[in-house]
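Participant: Please find the sequence and the predicted model below.
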Amino acid sequence: MATFVAPVESQSTVQRATVERERGFGLLLVSVLTWVAMAVHGYHPYAEDGGLYMAGVKRLLDPALYPQGTAFVLEPMRHSLFAPLVAGIVKLTGLGLPWVLLALDLASIWATLFAVWMLAARCWSRREERAGVVVLLTCWLTLPVAGTALFLMDPYVTARSLSTPCTLLALAGVLDMSNQDTSGNQRRRGLCLWFGSIAIAALVHPLMAVYGLWATLTLVCLRLQRRGARFWGTAALSAAALAIAAALQYAAKPEDPDYVHVALTRTYWFPGTWAWYEWVGLAAPVVILAAFARASSVGSAGRALSQGDTARSALAQMALSIGVTATAIALLFARAGAPTHVVARLQPLRAFQIVYLAMILFLGSTMGRVVLRRSAWRWAAAIVLLGGIMARAGFAAFPNSNHLELPGASARNPWVQSFLWIRENTPHDALFALDSDYINARGEDAQSFRAIAERSALPDYSKDGGETSIAPNLTAAWSIGQAAQERLSSPTETDAQRIAALSPLGVSWIVLEASAATSLNCPYASSAVRVCRLP
């Protein structure tokens, strides 16, 4: 009697179906969490560094803008194609800059979350582990990176909005390229992903691309087959980083005393000036990753290490290596009292963005596997709790602004309202003066005057000071601007003193806090700000 044998689906077909199903789940999860991330962290397109970049974009779109103090507008574009890229998208689509910025912000969040899903998929096999990574990153996107004045991702669009997902994709590409269990075509695709991602990052943010390249090269060494090659390759990369830092430091020319003053205002460059809790933020990820690296490198009893085990171990060891080396470079060369500050300008501790991302990979996967598992209410509770904490921090950081500053929405920040009035009611070639540290004034919420008002202004202490610290050629102009604006809204400052300080610089308008005593003609006044014309 004949026996009927049912066709058996090949193992490769089942694996492909599983991969496609997981990819679909990842796309859906990331797409939903992109909106959650924006709702949690807010959107402030012209605040902080976002305003620096957007002034440059506006200058490209309208070369007549910012005829005075132009160097401070152009400086963020000097080594990056980010601003030309954004301006090009505006011209190509005709959508207008506000809508393009919103689309780019959503796209960069989506790309970052999907890139971390791809990286997690190469390290963990369970869906809840991968989802835990994406959920934790969603909730912690604006987490401060120790005392570096850096966030994992900003609530506005900058060059790092594009370089961050590129770094994550490059790490995923290295893991594919070095996976001996995959086909040659897959390894070649991994190589292309690695080089392509680093190349894009280099075009938009060269400094972060250098740290991304360092991380990926370290990961390449840690994925070598021979144990000795892994150790000596990683050690050689760390030694090379230290040697390059030493060579830059000792070859640097003596610095002008005025520039040294500017450099010392950037306290986040110098770990020796940090508060104790900022040091905790530097040490904690290293300790956490050391524990996970140890756990990942030891297989369960009677079980050989899988590709996921070795990938996790290599990622943790990579983050440890660059974290320890970057800290050593900063302690040795990024010192306030160092003869030169060339290494401090490179901000080696920015490499900790990658360390923090690696920490989130391990904490998120553990959270998903051990705590959340397959319980829907636990996942919801985790998002509400973790996201709620970060949302509260976001509201505290921008208490006088809309949490989501969307295109077309009315501004409720009185400083922003005054900047918008200036844009509509003052000459395009007007030169403004504001208190040198206006961006930290009560209620100002770090909103950028130039980007919103679209008018020239004397250099400010915070953001223009940051530009000057990495571009010493701006020192003279910055110092003059600071001296002229230092006490504009002081109760003891008189109109005669203001005019004497500002008129020789060509200033025609000033923005004063409402409490400032003045008899100048001020056609705009609110509870926070006065906009006055100089005679």
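Facilitator: Right, received. Where do you want to start?
Participant: drop to CA atoms for contacts and neighbour counts, all remaining ones
Facilitator: OK.
Participant: Where do the strands of the stretch 301-450 of the chain begin and end?
Facilitator: Secondary structure of the stretch 301-450 of the chain (DSSP state E, counting those that start in this stretch): strands located at 431-434.
Participant: Any stretches of it with poor pLDDT?
Facilitator: Within the stretch 301-450 of the chain, the segments meeting pLDDT under 70 span 301-307.
Participant: And Pro206, its phi and psi?
Facilitator: When read as degrees, to the nearest 10, the backbone of Pro206 gives phi -60, psi -40.
Participant: Distance check, it against Thr158.
Facilitator: Going from Pro206 to Thr158 by Cα to Cα, to the nearest Å gives 13 Å.
Participant: neighbour count winner among those two?
Facilitator: It is Thr158, of Pro206 and Thr158, that has more neighbours when counted by other Cα atoms under 10 Å, with 26 against 20.
Participant: Pull up the gap between the more buried one and Trp99, please.
Facilitator: Applying Cα to Cα, the value for Thr158 to Trp99 is 15 Å.
Participant: One more: His428?
Facilitator: The gap separating His428 from Trp99 is 24 Å, by Cα to Cα.
Participant: tell me which residues in stretch 116-130 are buried?
Facilitator: Buried residues in stretch 116-130, defined by neighbour count with 16 or more other Cα atoms under 10 Å: 116-124, 127-130.
Participant: Where do the helices of the stretch 251-400 of the chain begin and end?
Facilitator: Counting by DSSP state H, counting those that start in this stretch, residue ranges of the helices within the stretch 251-400 of the chain are 257-264, 276-296, 307-333, 342-345, 352-366, 376-397.
Participant: quick one, which of those is packed in tightest?
Facilitator: Highest mean neighbour count among the helices of the stretch 251-400 of the chain (mean count of other Cα atoms under 10 Å): helix 352-366, with a mean of 24.
Participant: elements contacting that one?
Facilitator: helix 127-139, helix 276-296, helix 307-333 (3 or more Cα pairs under 8 Å, 6 or more residues apart in numbering; DSSP states H and E).
Participant: Please convert these to a markdown table, extending it with distance to Ala199.
Facilitator: Below are those laid out as a markdown table (distance: least, Cα to Cα, whole Å):
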| stretch | distance to Ala199 |
| --- | --- |
| helix 127-139 | 24 |
| helix 276-296 | 28 |
| helix 307-333 | 20 |
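Participant: Can you tell me which of the buried residues of stretch 116-130 lies closest to Tyr277?
Facilitator: Of all the buried residues of stretch 116-130, Tyr277 sits closest to Val116, with 27.5 Å by Cα to Cα.
Participant: The closest one: which element?
Facilitator: helix 97-121 (DSSP states H and E).
Participant: What helices and strands are in contact with that helix?
Facilitator: If you count contacts as 3+ Cα pairs under 8 Å, 6+ apart, helix 97-121 packs onto helix 11-41, helix 82-93, helix 127-139, helix 159-177.
Participant: and the third one, average pLDDT?
Facilitator: By that I understand helix 127-139. If you average the pLDDT over helix 127-139, you get 97.
Participant: by contact count, what packs against that helix?
Facilitator: Counting contacts by 3+ Cα pairs under 8 Å, 6+ apart, helix 127-139 is packed against helix 11-41, helix 97-121, helix 352-366, helix 376-397.
Participant: List the contacts of stretch 111-120.
Facilitator: 26-27, 30, 34, 129-131, 133-134, 137-138, 164-166, 168-169, 171-172, 361 (Cα atoms under 8 Å, 6 or more residues apart in numbering).
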